[in-house]
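Asker: Could you work out the structure for the sequence below:
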Amino acid sequence: MASAFEKRSGQFWARYKDRYGVWRSVPTKEPTLKKAREKERAEQRIGEGIDPDLGDAAHDTFRALAQWWIERFSPKLRSKSFAGYLRRHVIPRIGHLHLRQLRAHHIEALLDDLQYERGLNPKSCNDVRASINRVFTLAAERGRWQGPNPVAQVKRRLVPKRRPPPILRWHEVPAFLAVAGEWRPLFACAVWMGLRRGEVLALRKQDVNLEDRTMVIGRSHGADTTKGGHADVLPIPKPLVPYLVQAMNVSDSELLFPGAEGKRRSPHFNLKAIVKRTLVCAGLVEKYVLHCRGWTCAYREEASEPVPKRCPRCNLPLWSKAIPRDVGFHGLRHSTATLLLKAKVPYAIVQRIMRHRDPRLTTETYGHLEVDDMRIALDELAAGTAPLLQEAAAASDRESFGAYLVPSSAETNVRARARAANSARALAKTSGPSRIRTWDQSVMSRQLYR
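Answerer: Below is the predicted model:
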C-alpha cells in the first residue's frame with residue numbers, strides 16, 4: 001500500500017509501486033502531503049491500467065519540460081533562437097501549466113497575444129509554435145511524454161510573401177568589385193560562387209585546389225558542416241583565381257580570409273556595413289539626404305543628386321549623405337542565383353551551385369524577376385503572336401469572326417434596312433398607311449446616315 005511521508009528537510013516523498021511493478025520512493029515537488037498522495041494514487045492508476053501512461057513528465061509543468069529541452073538539446077543546435085523564444089515568450093506565459101492541462105487553445109491564445117498585442121510578426125509566431133512543437137516531439141522520442149501533442153491542432157500563421165531584396169545587376173557587378181579594395185577577393189567569392197557569410201569566413205587554404213580549379217564548401221563559422229549539413233565541391237571561375245592567389249599570399253594563417261591575429265572572424269562581424277560603404281563608393285545609391293548641421297536647425301530634405309544647396313532656415317550649406325541600395329552581404333548570394341537564371345542557365349545547374357535541396361527554393365526565393373524582364377517576355381509574346389492572329393483572321397470565314405471584326409459600310413447599310421423593315425411591319429399592325437410611310441422613312445434616314 002502506498003504511503004507518502006515527509007522527511008526532516010521538509011520535502012514530501014511518495015512511495016508507490018510504479019507501472020513496472022517496482023516499489024519506488026521518490027521526492028516530489030508537491031507543497032503538501034495531500035498533493036504527494038494524489039501523485040501516488042495517479043501512479044497506481046497508471047500501473048493498474050486505469051489511466052493512460054503519459055510518460056515520466058506527466059506530473060510536471062511545461063516549464064520543467066522546456067528547461068529539460070534547453071539544457072539537453074539547445075547547446076547542440078546551430079541557432080539559439082528556439083531557446084530564446086522559450087525563455088522570452090513561452091515559459092513566462094504558459095510555463096505554469098501542467099502538461100495534463102495544456103491544450104491547443106492555450107497555445108492559440110499565446111500566439112494571438114504575441115501577434116496582436118506584442119506586435120510579433122507572423123513568421124516569428126510560427127517560430128514560437130515550432131519551438132513548442134520541438135519540445136513535445138523530442139520529449140515523446142525520449143519517453144518523457146506519451147500524451148498527444150497539443151501543437152498539432154494549432155495552425156500556422158499566414159506569412160505574407162515579402163518583396164524580394166534588391167540585387168546587383170550585370171553592369172553593376174564590375175563597378176562594385178572595382179572599388180572593393182582589400183575586400184575584393186572576399187566579395188568576388190560571394191558574388192561569383194554564391195557563398196554564404198559563414199562559409200566565406202570559414203574557408204581554409206586547403207579547401208582551395210587551384211590546379212583543378214575546385215573549392216570544397218564544408219564549413220560554416222565554427223561548425224564543421226554548412227547550413228545544409230553536407231559538404232560540396234564547386235568549380236572556381238577563371239577570373240576568381242588571381243584573387244584567391246592574392247588572398248593566400250596575404251593570409252598568415254590556415255584561413256583564407258582571417259581576422260585579427262589570423263583568427264576566424266566572429267559570426268557577428270558586420271560585413272553588411274562594408275557592403276554598404278562599397279555600394280556608396282560605386283555610386284549604387286537610392287537617394288541623397290541633404291541635412292543642415294546647425295546647432296539649432298534640424299532641416300532635412302531628399303534629393304536624387306548631391307547638389308550644393310543652402311539651408312532655407314539658417315542659410316548654412318547643406319551636407320549630403322548617400323543612402324545606398326538595400327543590398328546586404330546575403331544579397332550578393334541572391335544576385336548570383338538571379339543572374340544565372342537570367343542567363344538562361346538550367347535550373348538543375350543553378351540548384352547545384354546554390355546547394356539547395358529543394359529546387360523550388362532556388363526559383364521562388366532566389367530567382368528574382370524584375371519588371372523589365374517580364375516586360376521583355378510579354379513584348380516577345382505579343383510580337384510573335386500578333387502576325388499569326390492577323391493571318392488567321394484574313395484566311396478564315398468572316399462569319400466565324402463576325403463578333404470580333406468591324407463590319408464594312410455595305411454590311412451596315414443592309415442591316416439598317418432590315419431593321420427598319422422589321423420595325424415598319426411591326427407598326428403596321430396598329431397604325432394607318434400614312435403613318436407607316438412617314439415613320440418608315442424617318443427610321444431609314446436615321447439608320448443610314450447615323
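Asker: And the pLDDT for the nearest residue to Val151 once chain neighbours are set aside?
Answerer: Spatially, and ignoring its direct neighbours in sequence, Val151 is nearest to Asn133 (4.1 Å; C-beta to C-beta, 6 or more residues apart in numbering). Quick note: C-beta positions are derived from backbone N, CA and C, even for glycine. Here, the pLDDT recorded for Asn133 equals 94.
Asker: now do Ser81
Answerer: Note on Ser81: pLDDT of 86.
Asker: Let me see the contact set for it.
Answerer: Asp127 (C-beta atoms under 8 Å, 6 or more residues apart in numbering).
Asker: give me that answer again for 10 Å
Answerer: Ser81 makes contacts with Ser124, Asp127, Val128, Ala130, Ser131, as judged by C-beta atoms under 10 Å, 6 or more residues apart in numbering.
Asker: would a markdown table of those residues with neighbour count and distance to Ala383 be doable?
Answerer: What follows is the contacts of Ser81, written out as a markdown table (neighbours: other C-beta atoms under 10 Å; distance: C-beta to C-beta, whole Å):
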| residue | neighbour count | distance to Ala383 |
| --- | --- | --- |
| Ser124 | 19 | 47 |
| Asp127 | 18 | 47 |
| Val128 | 23 | 51 |
| Ala130 | 16 | 49 |
| Ser131 | 23 | 53 |
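Asker: could you redo the residues you listed as a markdown table and give each row secondary structure and distance to Pro317?
Answerer: Formatted as a markdown table, those follow (DSSP: H, G, I helix; E, B strand; the rest coil; distance: C-beta to C-beta, whole Å):
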| residue | secondary structure | distance to Pro317 |
| --- | --- | --- |
| Ser124 | helix | 44 |
| Asp127 | helix | 48 |
| Val128 | helix | 51 |
| Ala130 | helix | 54 |
| Ser131 | helix | 53 |
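Asker: burial measure for Pro75, as a count.
Answerer: 9 (other C-beta atoms under 10 Å).
Asker: quick one: it and Trp69 touch, right?
Answerer: No. Checked against C-beta atoms under 10 Å, the pair Pro75 and Trp69 is beyond contact range at 11.0 Å.
Asker: Which residues are in contact with each of these two?
Answerer: With contacts taken as C-beta under 10 Å, 6+ apart, the residues that reach both Pro75 and Trp69 are Ala83.
Asker: thinking again about what came up before, so which of the contacts of Ser81 comes closest to Lys205?
Answerer: Nearest to Lys205 out of the contacts of Ser81 is Asp127 (C-beta to C-beta; 37.3 Å).
Asker: Apart from its chain neighbours, what residue comes closest to the closest one?
Answerer: Tyr85 (6.0 Å).
Asker: For this structure, name the helix or strand with the lowest mean pLDDT.
Answerer: helix 433-448 (a mean of 42; mean pLDDT, DSSP states H and E).
Asker: The strand or helix carrying the residue nearest to Val151 packs against which elements?
Answerer: Element membership of Asn133, judged by DSSP states H and E, is helix 122-141. Counting contacts by 3 or more C-beta pairs under 10 Å, 6 or more residues apart in numbering; DSSP states H and E, helix 122-141 is packed against helix 62-72, helix 81-85, helix 104-112.
Asker: mind listing what's buried in it?
Answerer: Residues 124-139 are the ones in helix 122-141 that count as buried (16 or more other C-beta atoms under 10 Å).
Asker: Give the full set of residues in contact with Val191.
Answerer: Counting by C-beta under 10 Å, 6+ apart, Val191 makes contact with Leu168, Val173, Phe176, Leu177, Ala180, Leu240, Gly331, Leu332, Arg333, Ser335, Thr336, Leu339.
Asker: just checking, the last one touches Ile353?
Answerer: Spelled out, it's Leu339. No. Using C-beta under 10 Å as the test, Leu339 is too far from Ile353 to be in contact (11.1 Å).
Asker: quick one: which of the contacts of Ser81 is nearest to Cys314?
Answerer: Nearest to Cys314 among the contacts of Ser81, with distances taken as C-beta to C-beta, is Ser124, at 44.4 Å.
Asker: show me the residues around the closest one that make contact.
Answerer: When contacts are counted by C-beta under 10 Å, 6+ apart, Ser124 touches Ser81, Tyr85, His89, Leu111, Leu114, Gln115, Arg118, Arg157, Val159.
Asker: Now with 8 Å, please.
Answerer: Contacts here follow C-beta under 8 Å, 6+ apart; on that basis Ser124 touches Tyr85, Leu114.
Asker: so how far is Ala66 from it?
Answerer: Note on Ser124: its distance to Ala66, by C-beta to C-beta, to the nearest Å, is 18 Å.
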